[in-house]
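In: Would you be able to build a 3D model of this:
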Amino acid sequence: ENLKKDVHYTVDMKNKNVVMNERGYKDCEKALGVQSLFEEPADASGAWAPFILNAVKAKELFNKDIEYTVLPDNGGVGII
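Out: Residues are numbered from 1 along each chain as shown. Modelled structure (predicted):
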């Protein structure tokens, strides 16, 4: 299931911010099979929380190919 606005998070357009609620965090943890989005895994790859919040911000606040672009070959996202 995808994260849904007003179910898993709220959007603050004025401040260009997204706030994840408890249900959003819990559903992400369940989907990823982790106990906490804020704990760094043993392989030191980084906690999930900032990646998820940035992805939701991109979805809700920014326009693809105007303010950001998806890089080829799984290269991530680039800010334009």
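In: On the pLDDT front, check the closest residue to residue 65 other than its chain neighbours for me.
Out: Take residue 65 and drop its neighbours on the chain: the residue closest to it by C-beta to C-beta, 6 or more residues apart in numbering is residue 80, 7.7 Å away. In short, each C-beta sits where N, CA and C put it, glycine included. At residue 80, the model reports a pLDDT of 77.
In: For residue 80, give me its contacts.
Out: 65, 66, 67, 68, 69 (C-beta atoms under 8 Å, 6 or more residues apart in numbering).
In: so which strand or helix has the spatially most central residue of the chain?
Out: Nearest to the mean C-alpha position of the chain, by C-alpha atoms, centre = their mean, lies residue 52 at 2.1 Å. If you go by DSSP states H and E, residue 52 is part of helix 49-61.
In: Need the residues that contact the following helix or strand past that helix.
Out: The helix or strand immediately downstream of helix 49-61 is strand 68-70, counting by DSSP H and E. For strand 68-70, contacts defined as C-beta under 8 Å, 6+ apart pick out 58, 62, 64, 76, 77, 78, 79, 80.
In: Now the buried members of those.
Out: residue 58 (16 or more other C-beta atoms under 10 Å).
In: Pull the most distant pair out of the contacts of strand 68-70.
Out: Maximum pairwise distance among these (C-beta to C-beta): 14.5 Å, between 62 and 76.
In: Mind giving me the packing neighbours of the helix or strand of the chain with the lowest mean pLDDT?
Out: Within the chain, confidence by mean pLDDT, DSSP states H and E is lowest for strand 77-79 among all helices and strands, at a mean of 77. Strand 77-79 sits against strand 68-70, with contacts defined as 3 or more C-beta pairs under 8 Å, 6 or more residues apart in numbering; DSSP states H and E.
In: in this protein, what spans have low per-residue confidence?
Out: Flagging of the chain using pLDDT under 70 yields the residue ranges 1.
In: Need the phi and psi values for the residue sitting furthest away from the middle of the chain.
Out: In the chain, counting by C-alpha atoms, centre = their mean, residue 42 sits farthest out from the average C-alpha position, at 21.1 Å. With angles defined as degrees, to the nearest 10, residue 42 sits at phi -60, psi -30.
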